[in-house]
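> next input, structure requested:
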Amino acid sequence: MEEIWKPIPGYEEHYAASSLGRIKSIRRTVKDVRNGKERTRIFKEKVLRFNVSKTHGRASVMLSKNGELKRILVARLVCLAFHGLPPEGKENVLHYDDIHTNNIPGNLRWGSLKENAADMRRNLGYWPAYIDGRSKRPRKKLGDPLLNEAQVRVLLRLPSDMRHLRGLRTQLAEAWGVKPSTITSARNGDKGWQNLSTEPLWNMAKRLDGEFLGRDKA
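Residues are numbered from 1 along each chain as shown. Got it, this is the predicted structure:
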């Protein structure tokens, strides 16, 4: 998968976000004055290291502009770069799979607190369309080794080499209540993870509100 970089609004000449959820500084020359003397500094292109909060598990980076340092969430920077400025009333960055370190553009969108709560209910197993590669059935309990169709589609958007994503497979497995091998199996298209819908993920979530795929709504 080719990594695509886009400038971050507000930091267009300083930083860029990628389709793999990474942030980098852009090579640039800066002239300023220090201690009354003019100076010229050259900043090299560099992929920034994340800081993952132990409190909420969200990744952030420190950005610098005009001598001002500011720590910003990676999810917000990626969403700005790939989805533009947030619409009115939807200033929050939502993760489709509720994994705060999975910051690929397709897993992010702008939304409201109400929409974020709906995503959390979906990912806890209240109404997702669960499939095991052979049949479609609702998950019985948290920990049942199954994934839903939307989760598999998110996995298929990830690069084949996930090593640089710093343990994302393990984090996804823990959050979704499955074994890491289940993540790998679905990511590689094993066990009949076939015939998945091409419907946009967020449209699927809205359509499946209260309805199991392959079953009539009660």
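> quick one, what contacts residue 31?
38, 39, 40, 41 (Cβ atoms under 8 Å, 6 or more residues apart in numbering). Backbone N, C-alpha and C define where each C-beta goes, glycine included.
> return the helix or strand in the chain with minimum mean pLDDT.
strand 130-131 (a mean of 40; mean pLDDT, DSSP states H and E).
> show me what the helix or strand following it packs onto, helices and strands only.
Once strand 130-131 ends, the next helix or strand along the chain (criterion: DSSP states H and E) is strand 147-148. Strand 147-148 is packed against strand 130-131, with contacts defined by 3 or more Cβ pairs under 8 Å, 6 or more residues apart in numbering; DSSP states H and E.
> same thing but at 10 Å, please
strand 130-131, helix 149-156, helix 168-176, helix 180-187 (3 or more Cβ pairs under 10 Å, 6 or more residues apart in numbering; DSSP states H and E).
> what's the domain layout of this structure?
The chain resolves into domains spanning 1-85, 123-207 when parsed by automatic domain parsing.
> quick one: closest of those to residue 111.
Proximity to residue 111 (Cβ to Cβ) singles out domain 123-207 among the domains of the chain, at 8.8 Å.
> and the residue lying farthest from the centre of the chain, what's its pLDDT?
The centre of the chain is farthest from one residue, residue 36, which by Cα atoms, centre = their mean lies 44.7 Å away. Predicted confidence (pLDDT) for residue 36: 84.
> pLDDT of stretch 83-98, averaged?
91.
> run through the strands of this protein in chain order.
5-7, 15-18, 23-25, 28-34, 37-43, 46-47, 51-52, 59-65, 68-73, 92-95, 108-111, 130-131, 147-148 (DSSP state E).
> for residue 99, which of the helices and strands packed on strand 147-148 is the nearest?
helix 168-176 (5.5 Å).
> thought residue 20 was touching residue 107?
No. Counting by Cβ atoms under 10 Å, residue 20 stays clear of residue 107, with 11.2 Å between them.
> find residues that contact each of these two.
The contact sets of residue 20 and residue 107 overlap at 78, 158 (Cβ atoms under 10 Å, 6 or more residues apart in numbering).
> separation between the residue nearest the centre of the chain and residue 68?
The centre of the chain sits closest to residue 103, judged by Cα atoms, centre = their mean, with a distance of 2.5 Å. Using Cβ to Cβ, to the nearest Å, residue 103 is found at 24 Å from residue 68.
> in contact with residue 46, which residues are there?
With contacts defined as Cβ under 10 Å, 6+ apart, the neighbours of residue 46 are 23, 24, 25, 26, 27.
> want to throw the contacts of residue 31 into CSV with neighbour count and distance to residue 91?
Below are those laid out as CSV (neighbours: other Cβ atoms under 10 Å; distance: Cβ to Cβ, whole Å):
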residue, neighbour count, distance to residue 91
38, 8, 40
39, 10, 38
40, 8, 38
41, 10, 34
